[in-house]
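Peer 1: Model the structure of this input:
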Amino acid sequence: MVLVPWLAAGVLRAAVPDAGMPGPVREAALTGGVLLVQSVALIGFTVGHVLGPRGLGLPPAALGLSPVEWRAGAGLGLVGGLGLVLINVLGSRAAVAAFRVLLGEEGLARQLARERAAITDLFQLDLPLPVLLLLLLASVVMAPVSEEIFFRGYVHGVLRARLGAGAAYVSAAAFAAAHMYLVHFLPLFLMGILLARLYERGGTLVAPVLAHAVVNLVVALSLRL
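Peer 2: Numbering: from 1, shown residues only. Predicted structure coming up:
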């Protein structure tokens, strides 16, 4: 997952012409393309390993890809998405308050600047509609699908077989750590716990994928507005 976006960025940078395209717009298009490639790769690696004949050869239900109770899962996901938004806001505020004490105002500002993702800045640019739709597809659709298949369907599934109820906390910690944040580790950890509970409650990935997509969409719209 380190090599894939690095290689994709190099290939796309060489393939996408920059003639007549403003620098920030080109960077936004490249970022969206890299995120799409990374998501597709994560889905492919996970599904191939768990379901493929050369992997574990398990049924789709082992990854939460079961067609049962989709409607109930969708309703649960919408409600869960609102819960994730609340957790994100309150958890972020609590984490910022704690690190303000630990790091001081200047140290906190530097750390938050380091954690500010590139895609966050891109959403605040005046982008052409196709580029904006590309970023939305990558962050609101593909990222939730790929991350939930991996962290809930695979990681949580493996841990659940070994740790039982404690798997939600360990998989949530892995989910938060993968984003490589310090200040925002807490809200991501709490969101990971709720996503795991949604998966357990619904029995499929429908609920956590939809909830994840809702919170990402709310963040994207808040940046645009």
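
Peer 1: Next secondary structure after the lowest-mean-pLDDT helix or strand in the chain?
Peer 2: Ranked by mean pLDDT, DSSP states H and E, the weakest helix or strand in the chain is helix 118-122, scoring a mean of 74. As assigned by DSSP states H and E, the chain's next helix or strand after helix 118-122 is helix 129-136.

Peer 1: Can you dump the C-alpha atoms of that following helix in CSV for me?
Peer 2: C-alpha atoms of helix 129-136 as CSV (Å, rounded to 0.1, in the frame of the first residue of the first chain):
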residue,chain,number,x,y,z
LEU,A,129,-16.6,19.5,-12.3
PRO,A,130,-14.9,16.3,-13.8
VAL,A,131,-12.0,16.7,-11.4
LEU,A,132,-14.3,17.4,-8.4
LEU,A,133,-16.3,14.3,-9.3
LEU,A,134,-13.2,12.2,-9.6
LEU,A,135,-12.1,13.3,-6.0
LEU,A,136,-15.6,12.5,-4.7
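
Peer 1: Quick check: buried residues in that helix?
Peer 2: By 16 or more other Cβ atoms under 10 Å, the buried positions in helix 129-136 come out as 131, 132, 134, 135, 136. (C-beta placed from N, C-alpha, C; glycine too.)

Peer 1: quick one: contacts of the least confident helix or strand of the chain?
Peer 2: With Cβ atoms under 8 Å, 6 or more residues apart in numbering as the test, helix 118-122 has contacts from 24, 27, 28, 31, 35, 135, 138, 139, 223.

Peer 1: The second one: helix or strand, and which one exactly?
Peer 2: The reference is to residue 27. Assigned by DSSP H and E, residue 27 belongs to helix 23-51.

Peer 1: tell me the angle of that helix relative to helix 129-136?
Peer 2: Interaxial angle, helix 23-51 versus helix 129-136 (axes from the mean of the first three to the mean of the last three Cα atoms, to 10 degrees): 40 degrees.

Peer 1: and helix 23-51, what other elements does it pack with?
Peer 2: Contacts defined by 3 or more Cβ pairs under 8 Å, 6 or more residues apart in numbering; DSSP states H and E place helix 23-51 against helix 3-15, helix 118-122, helix 129-136, helix 143-147.
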